[in-house]
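Enquirer: attaching a predicted model along with its sequence, questions to come.
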Amino acid sequence: RGGGVPRAPRRNAALPADEENHISSLGLSMVGGGILLGIWFAILIAVVVARRVVPYEDLPQLHWFEAFYTTGSLIFGGGQVVLPLLLSKVDAWMTPEQFYAGLGLVQAMPGPLFNISAYLGGLLGGAVGIVVCWLGLFGPGIMLIFGVLPFWGWFRKFRLYKLALPGLNSASVGLIVATCFQMALKVRSISPFPDASLMIGMAAFCFVNLYNLPAPLAIAICGGFGALAHLAHTQ
């Protein structure tokens, strides 16, 4: 979802055998890819070191950028997996309630989950925070993708990689499942009505997975359930 992308070939359309076997690189040249990977790594080291040297009060934007850049560099397993790590990075600057409110908002909007960086950046520092945090979270993935692609034709021939691929895929799914449980327990612990929150979360799951409701509609309905639970809790 997002920007304009050229029309892709049909899912089941295979490359000719001779063309598939002769793919050596994609996108940039190997030199260009290596330079891009070097830039990504240099920025990672620079921001980690600078964060330890520069106090937060002197340059908060550096600390925001480091938190989002290191998260975007180290994450594996998909957008959902980034959430617990990102929450641990920003918990000194905002409450968990603010964080999960942004998660609900981003889930109801089109676009990738990483757009939560714009919401969190807005909370931290307005327009400047939006730019800093959005670039920090999206930048590493973009550089890594275009940096690794030139080596893909060479890398994909490794027998060890082919043998490990099913395990890598399973680990990615397992991380997402673990993240879901971790977030569910966290939201329940901070809710003023924990049992009702758990039931609302289960209702959202059923709406989307059993009844095929669009995610924005399911979130809106569960938001109404949350308002009713809040009214019942205050009476």
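Expert: Yep, that arrived.

Enquirer: leaving aside the residues next to it on the chain, what's closest to R51?
Expert: Of all residues not flanking R51 in the chain, E66 sits nearest, at 4.3 Å (Cβ to Cβ, 6 or more residues apart in numbering). C-beta coordinates here come from the backbone N, C-alpha and C atoms, glycine included.

Enquirer: helices or strands up against the helix or strand containing V128?
Expert: For V128, the element it lies in under DSSP states H and E is helix 116-148. Judged by 3 or more Cβ pairs under 8 Å, 6 or more residues apart in numbering; DSSP states H and E, helix 116-148 is in contact with helix 30-53, helix 60-74, helix 82-90, helix 96-107.

Enquirer: most tightly surrounded among the ones you listed?
Expert: helix 60-74 (a mean of 21; mean count of other Cβ atoms under 10 Å).

Enquirer: could you measure from the residue nearest in space to the middle of the chain over to R188?
Expert: Taking Cα atoms, centre = their mean, the centroid of the chain lies closest to G79, which sits 2.9 Å from it. G79 is 22 Å from R188, where distance means Cβ to Cβ, to the nearest Å.

Enquirer: mind showing which ranges of this protein have poor pLDDT?
Expert: 1-26, 76-78 (pLDDT under 70).

Enquirer: let's see 50
Expert: For the chain, applying pLDDT under 50 flags the ranges 1-15, 17-20.

Enquirer: count the residues that sit near Q235.
Expert: Neighbourhood size, Q235 [other Cβ atoms under 10 Å]: 5.

Enquirer: ok, it to V128 distance?
Expert: Separation of Q235 from V128 (Cβ to Cβ): 43 Å.

Enquirer: what do you get for R51?
Expert: 17 Å.

Enquirer: run through who's touching the host helix or strand of S197.
Expert: For S197, the host element (DSSP H and E) is helix 194-209. For helix 194-209, contacts defined as Cβ atoms under 8 Å, 6 or more residues apart in numbering pick out 184, 187-188, 191, 213, 215, 217-219, 221-222, 225-226, 229, 232-233.

Enquirer: make it 10 Å
Expert: With Cβ atoms under 10 Å, 6 or more residues apart in numbering as the test, helix 194-209 has contacts from 104, 107, 180, 183-185, 187-191, 193, 213-215, 217-219, 221-226, 228-230, 232-233.

Enquirer: just the angle for it relative to helix 96-107, thanks.
Expert: On the basis of axes from the mean of the first three to the mean of the last three Cα atoms, to 10 degrees, helix 194-209 is oriented at 10 degrees to helix 96-107.

Enquirer: give the buried residues for helix 194-209.
Expert: Within helix 194-209, the residues scored as buried using 16 or more other Cβ atoms under 10 Å are 196-197, 200-201, 204, 207.

Enquirer: using CSV, write out every CA atom in that helix.
Expert: Provided in CSV are the C-alpha atoms of helix 194-209 (Å, rounded to 0.1, in the frame of the first residue of the first chain):
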residue,chain,number,x,y,z
PRO,A,194,-9.1,-4.8,32.1
ASP,A,195,-11.6,-7.6,31.6
ALA,A,196,-13.8,-5.5,29.3
SER,A,197,-10.7,-4.4,27.3
LEU,A,198,-9.8,-8.1,26.8
MET,A,199,-13.3,-8.8,25.5
ILE,A,200,-13.2,-5.8,23.2
GLY,A,201,-9.9,-7.0,21.8
MET,A,202,-11.4,-10.4,21.1
ALA,A,203,-14.4,-8.8,19.5
ALA,A,204,-12.1,-6.9,17.2
PHE,A,205,-10.4,-10.1,16.2
CYS,A,206,-13.7,-11.8,15.4
PHE,A,207,-15.0,-8.8,13.4
VAL,A,208,-12.0,-8.8,11.1
ASN,A,209,-11.1,-12.5,10.9
